[in-house]
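*Asks:* Using only what follows, build the 3D model:
(chains A, B and C)
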Amino acid sequence: MVNNMKTFFQDKKAVAYFTIMAVVLIFVGLNQSWALALGIINMSLISAIMALGVNIQWGYAGLMNVGIMGFAALGGVSVVLIAQQPVAEAVDAGGIKMFIALIMGAATITLGILLNRRGINKWLITAIVVTGYLFTRYYFSEAADIIEKVDPAITGYLGGFGLPIAFSWIVGGVIAAGAAWWVGKITLGLRTDYLAIATLGISEIILYVIKNEDWFVRGLKNVYGLPRPVPYEVDMQQSEWFQNFIAWIHRSELQLLSQSDQIEKLTDYVREAAVVFVKLCYSGLFIAILVSLIVLSNLALNSPWGRKVRAIRDNEVAASAMGKDIKSQHLQIFVLGSAIVGVAGALLVTYDGIFIPTAYMPLRFTFLIWVMVILGGSGNNMGSVLGAFIIWFIWIQSGPMGLWFVEMLSNNMAEGSSSLEFIEDRVHYLRLVFMGAILLLIMRFSPSGLLPEKNKQL
Amino acid sequence: MAYLEGKNLVASYGVVPILHECSVEVEKGELAVIVGPNGAGKSTVMRVLLGMLEATAGSVTLDGKDISMLSTQDRISKGLAFVPQTKNVFPSMTVEENLQMGGFIRKDDISKTIEEVYELFPILYEKRKQLAVQLSGGQRQQVAFGRAMMTKPSVMLLDEPTAGVSPIVMDEIFSNILDVRNAGMAVLMVEQNAQQALNIADKGFVLVSGRNEHTGTGKDLINDPEVRKKFLGG
Amino acid sequence: MSDSIDIINAFALLTNFVILPALSYGSQLALGALAVTLVYSILRFSNFAQGDSMAFGTMLVILISGYMISKGWTITGFPTAILAIPLALIGMAIYLLLMDRLVYRHYRKIKAKQNIIGITASIGVMFITGGIVRFILGASAQRFGDGERFIFSVREFKAFTGLEQGIAFKTSQFLTISLAILLVAFLFYFLQKTKTGKAMRAYSDNTELALLSGIDPDKVVQITWLLVALFTTIAGTLYGLDKGFAPQQYHLLLLPIFASVIVGGIGSPIGAIAGAFLVAFSEILLTYAYKKFLIYLLPLSMHPSSLVQLIGTEYKYAISFVILVIVLLIRPTGIFKGKVIDGE
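*Replies:* Predicted structure coming up:
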C-alpha cells in the first residue's frame, strides 16, 4: 500500500495530470459554482469506480464488457430492494402468489437442467419446460396484477426490506456478480465477440425487465425518496451548529451589514452551504470506497494470482500452456469486475436518491466508461480514475461549451434564424460524435493512454 | 550460377538472430532438400527467399537476376511458388476453385493449366467439385501443389510437405514431388524426415543454428558418417 | 364444430398478422445480418456500428427522397425512397470507405488483434455515426414512405374473397421481400461465380494463402465495404418504410442482427439468412395474441378468455437474446457451422 502510494507520487506525469484536473475543478467552483464542481467530482468518483471494474476486466484480462449499464442497473435495483420499506399491503395481497410463481419458474428451469443432464428425450424435456412456463406465467401475471393494483400512484410494488442502505452496496455487487457469472459461464472460452454481444444483450434485457415489471421496482413510474446515508439539506439548514459555523466563516462580511440584511444573507449562505456540505459528505464516502477498492485490486494484482493473470494476458505461449485454466481465471476476473460495477451502480442510485430506469442508456453510458478506461490507460487503475474525471468533465461541460459556441455563431446570424434554432436544438448530439472521435484518436495515436500501465511485461 | 540462389543470407526475428550467412541453391529439374534440427532456421530460409521476411544481408537471385528487393507478390509473378506447411488450401472452396485462386494473378486463360494439374493428379479431377476440407490429407496436399502450380512457376518451394502424415501418405507425397520435379521445375523443400527426403533429393543442405553445416548430393550426405551420426540417427 | 371457412379465416388472420410481418422483418434482418457477416468474414470483427450505419443510410435516403419529392420527381404507386436508394448508396459507400481509411485500415496494417480492436473501433464509429444521424434528423421517430400504402388492402381482399378475415399486403412488405430475394441472389451469384467474389471467399478462408496467390487485400476490403453499403442502405430503408425511422430503434436492431448471425453460424451467409428468419418468426410468433385465431378453430366451449400470448410484446427484443443464449448453450457453432473460437 505504502509502496503503491510512493510509486504513484513518484510518477510525475500522474501527479501533473491530477493537479491540472484539480485546478480545472477549482476554477469551475470559483467561476460557476461549488455545487456544480462537487457534482462533477461525485459523478466522476462513481464513474471512476465503474471504470475500475471495467479496467479489471479489460485491462487485466482483455475481456470486453459492453453491458456495463445493465450491471450498474442491478446495483440500482438492489438499493430499492434493500433500503425501501416493504409495502405491507402489496405483500399481503400478492406476495405469496408471486413467491409461488417465482419458485415454480425456478423449479421448471432446474428440472429442465437436471433432466437434460440425465439425457432424457429432448422433446419430453421441452414439453415439461413449456408446461412449467405456462403455469408460471399464469400465476405470475395474476400476482403481478394484484400487486400493481395496490395504490398504483404511490406504491404498486412490493417495496424492499427496509434495511440500512449501506447493505445495498454489497448486495448490488453480489447481484451483478451473479449475473456476470451466468453470462461468463456461457460465453467465456468461445469467441471474444460472444462475450461482448452477450453482455450487450443481457444489459438490454435487465433494463427491459426493470422497465416493464412494475410489481418489482415500479418500472417506468420510478422509485422516489430513497433513504440517504448522509444528512438532508433541510436538516442541515436548521441545525444550529451549522448556522453558527457558516456565520463564523462569513463573519467579516456579515458584520458590515444591517441586522435584517445579515439574516437574509446568512440564510442564503446556509442554503448554499448545506448543498455543498451534503455533496462533500458524498464525496468523502465515495473517495473512501474508491480508495479501498483501488488498494484491494492493487494488492490482488501483485499477489501470485495477479501475476498469473498478467502472465496469461501478456504471454500467449504461457497462456496456451495453461489451457483450460484460462477460462476459470477469466470467469473470476469477469465476475469481480462486474461486481465492482454493481457496487458503483448502487452508489449512483444512492447519490441520486431516486431510481429511474430510463436513465440507463445501455450503450451510451457504457461507452463513456470505456472511453474513460482507454483514455486513462488500460491496465492502470489510477489511469481509470484520471480518465473518469476527464471524460465526465468533458461530457458535462461540453453541453454549455456547445451552447457557447452556438452563441458565438448567433452573433453572425440573423436573430431567430431557423438554422440557428436547429443547431441549438441538436448540438448536444455532437457530444456523441466528439466522444467517438476521442476514443478513436486515443486508440490510434496513444493506445496505452495517458498513464500507461507499468506492470506490462514486454 | 544456379537458377534460384540465396547467398549468405542473414536474418533475424526482432532481436533474435536466426540465419548467419546461410546459402542455398537449386537448379531447374532438380530437387534440393533443406534438413536440420529444430530451430535451425529451415523455414526462415524459405520465408527469406519468398520475401515474407527481410534479410539484413545477402542476396536472392532468380535466373541470375537479383530479386531481393521485390515484394512477395512480385516474386510470385516472377515464377516462385510456395506451398506452406499448414493451411495450404482454401478449405471451404472446391478443388477447382482452389486451382482458380492459384491462378488469380494470371491475365491469360488458365483452363489449360488446370487441365495439366488434373493430368498430374488425376484424383483431383474426380473430386473437382468437392470442398478441399472434405479431402484426405494426401489429396489435400495435391490440391496445395496444384494451387501453387497454377502460376506456371519455375521454382516450387515446399515447407515440410509431409509433416504429420502417415508413412503411406508420405510416400504418396514424395512421389508427387518427384512428378513435379520431372515436369522440369526447380523444387526446394524443407523436410523433417531427413532420411527419406535425402534419399530422393538431388542436393541437400544440412543447416545447424542458421549456418550451412554440410552440403552435397543427397547420396553423399546419406553416406557421410558424420551426417548419419548427427542427423539421421546412426 | 368449426367448418372449413373458419379454418381459412384463421389462417388468413395468421398470414396477415404473423406470416407477412415476419417474412418482411426477417428479410430486413437478413440483409443487415449479411452485412455483419461480410465484415466479419473479411475484416474479422463483429461490427457494432451496423445498426447506426443502417440509420445513416436511411437518413441519406430520407434527405434525397425529400428533395426529389419537393421537385416532383416521384413514381406512381411506389415510395420515392426507392428512387433515392442509388444516390444514397453512393453516399453510404463513400462514408464507409472513409471510415475504413481513417479507422480500420491502420489496424490491418499493423496486424493488430483485429477481433478486439475492431469491436472497440466499431463502437467508436457507431457513436460518431449515431451522433451525426441524430444531429441531422433529430432523435424522434418519423415516417418517410409516400405513394400507395398497399398492394391490396384488407377491404379489397375481403371484397375479392368474401372472407371474414382480410389480408393486407403492404407496399413496403412487397418491396422488402422482393428486394431481399434479388439482393441475396445477387450476393450468392457474386460470391460463387465471379472471380472477385471467389477472391473474397479465398481471403476469408485463408488470408495468408490468398496473399500468396496474389489477391490484393485492399481491393478485397474495398469491395466488401461496397457490398456492406448496398445491404446496409437497403436494409435500413426497407425497415424504415415498414416501421418508420427512429435512430434509437435502428441502434437497437444490433441485438436481433447479432442474434441472427450467431444463431445461423458466424461467418456463414446462409446461416445469417436462416438465423434472421428464425429470430423474426420467433419474435412475432411468441408475442402474437392467439385469442382470435383460437376462436376460429376451437368450439365455443373452449374459447379462450385471455389473450393467449406467450410472451408480452415488451420483451420482443429479449426473445432474440434468449434464442442466442440457447444456441450458445446447445450448439455454439450455430445452425450452419460457423467459427466459434478465435483464430480458427
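
*Asks:* Could you pull up the contacting residues of the residue in chain B that chain C sits nearest to?
*Replies:* Proximity of chain B to chain C (Cβ to the nearest Cβ) peaks at residue B:105, 3.4 Å away. To be clear about C-beta, it is placed using only N, CA and C from the backbone, and glycine gets the same treatment. Contacts for residue B:105 were tallied using Cβ atoms under 8 Å, 6 or more residues apart in numbering or on different chains; they are B:73, B:76-77, B:151, C:213-214.

*Asks:* what residues does chain B put near chain C?
*Replies:* B:72-73, B:76-77, B:82, B:84, B:87-93, B:97, B:100-102, B:104-105, B:147, B:151 (Cβ under 8 Å from any Cβ of the partner chain).

*Asks:* The helix or strand where residue A:74 lies and chain C, are they touching?
*Replies:* Using DSSP states H and E, residue A:74 sits within helix A:68-83. No. Helix A:68-83 lies out of reach of chain C by Cβ under 8 Å from any Cβ, never closer than 11.2 Å.

*Asks:* confidence score at residue 118?
*Replies:* Chain wasn't specified; assuming chain A. Here the pLDDT value assigned to residue A:118 is 82.

*Asks:* meant chain C actually
*Replies:* The model reports residue C:118 with a pLDDT of 89.

*Asks:* wouldn't it be in contact with residue C:40 here?
*Replies:* No. If you go by Cβ atoms under 8 Å, residue C:118 and residue C:40 don't touch, sitting 9.2 Å apart.

*Asks:* Return every residue with contacts to both of those two.
*Replies:* When contacts are counted by Cβ under 8 Å, 6+ apart, residue C:118 and residue C:40 are jointly contacted by C:46-47.

*Asks:* Got a quick ChimeraX command for the buried subset of the contacts of residue B:105?
*Replies:* Of those, the buried ones can be selected in ChimeraX as follows, counting by 16 or more other Cβ atoms under 10 Å in any protein chain shown:
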select /B:73,76,151 /C:213,214
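
*Asks:* can you tell me which of the contacts of residue B:105 are in strands?
*Replies:* Using DSSP state E, no member of these falls within strands.

*Asks:* can you give me the strands in chain B?
*Replies:* With DSSP E as the criterion, chain B has strands spanning B:4-13, B:16-26, B:31-35, B:57-62, B:65-66, B:80-83, B:155-159, B:186-190, B:203-208, B:211-216.

*Asks:* With chain C instead?
*Replies:* So, for chain C - with DSSP E - the strands run C:150-152, C:169-170.

*Asks:* Among those strands, which comes closest to residue A:252?
*Replies:* strand C:169-170 (76.4 Å; Cβ to Cβ).

*Asks:* Any chance you could list what contacts the closest one?
*Replies:* With contact meaning Cβ under 8 Å, 6+ apart, strand C:169-170 is reached by C:20, C:24, C:149-152, C:242.

*Asks:* If you rank every helix and strand of chain B by mean pLDDT, what lands last?
*Replies:* helix B:225-231 (a mean of 81; mean pLDDT, DSSP states H and E).

*Asks:* ok, now how distant is the residue of the stretch 101-250 of chain A found nearest chain B from residue A:390?
*Replies:* Distances between the stretch 101-250 of chain A and chain B by Cβ to the nearest Cβ are smallest at residue A:191, namely 17.8 Å. Distance, residue A:191 to residue A:390, using Cβ to Cβ, to the nearest Å: 32 Å.

*Asks:* Could you do residue A:63 as well?
*Replies:* Residue A:63 is 24 Å from residue A:390, by Cβ to Cβ.

*Asks:* ok, these two, which is more surrounded?
*Replies:* Applying other Cβ atoms under 10 Å in any protein chain shown to residue A:63 and residue A:390 shows that residue A:63 carries more neighbours, namely 25 against 21.
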